[in-house]
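Colleague: no FASTA, just this:
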């Protein structure tokens, strides 16, 4: 078991406890990357198999957060929770593809193409080798079409190359 994933499960136990047994939820992207880098984060991305609105609204109600839709077409919702002076941002997005690995392959960089299943918070799903790339300080796109799908990813590449 990875020591970072143990702390991950403990840190988000309140969120994990809200998940119903019939829901499939994953932590994805930057929150997983930042755990491996021992960085703090205030933006948590959650991937939902199914309708993300329902889960995001339930989460907002439970934690007395503000809910709003970021993208109706892509079924992406945001919840902002105030914890003292901190504002935590939770983005809930509907999974693209039938399985988690399909969604991860559509992401920008391998270091952001990692996930943690709420049902198995002590294990990382890493089909593209993001953990190895982080350890080796390599920034690598997930596919040949990563930049053409979203040109803003070029700017993110520069930012990541400076900070990782």
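Modeller: Arrived safely. It should be emphasised that the depicted structure is a prediction, and the values quoted were computed from it without experimental measurement.

Colleague: who are the neighbours in contact with residue 28?
Modeller: Counting by CB atoms under 8 Å, 6 or more residues apart in numbering, residue 28 touches 45-47, 103-104, 107, 112, 114-116. Every residue, glycine included, has its C-beta placed from N, CA and C.

Colleague: One more: residue 105?
Modeller: Residue 105 is in contact with 97, 113, 127-128, 142-143, counting by CB under 8 Å, 6+ apart.

Colleague: Check those and tell me the two furthest apart.
Modeller: Greatest spacing in the contacts of residue 105, by CB to CB: 97 and 128 (13.9 Å).

Colleague: Residue ranges in the chain under the pLDDT threshold?
Modeller: Within the chain, the stretches with pLDDT under 70 are 1-8, 150-151, 153, 163-164.

Colleague: From the centroid of it, which residue is nearest?
Modeller: Centroid-nearest residue in the chain: residue 28, 2.4 Å away (criterion: CA atoms, centre = their mean).

Colleague: Checking residue 116 next. Helix, strand or coil?
Modeller: Three-state call for residue 116 (DSSP: H, G, I helix; E, B strand; the rest coil): strand.

Colleague: out of residue 97 and residue 128, which sits in the busier spot?
Modeller: Between residue 97 and residue 128, residue 128 has the larger neighbour count (other CB atoms under 10 Å), namely 21 against 12.

Colleague: tell me the contacts of the more buried one?
Modeller: Per CB under 8 Å, 6+ apart, neighbours of residue 128: 104-105, 110, 113, 140, 142.

Colleague: again, only this time at 10 Å
Modeller: Under the criterion of CB atoms under 10 Å, 6 or more residues apart in numbering, the contact list for residue 128 reads 101, 104-105, 107, 109-114, 140-143.
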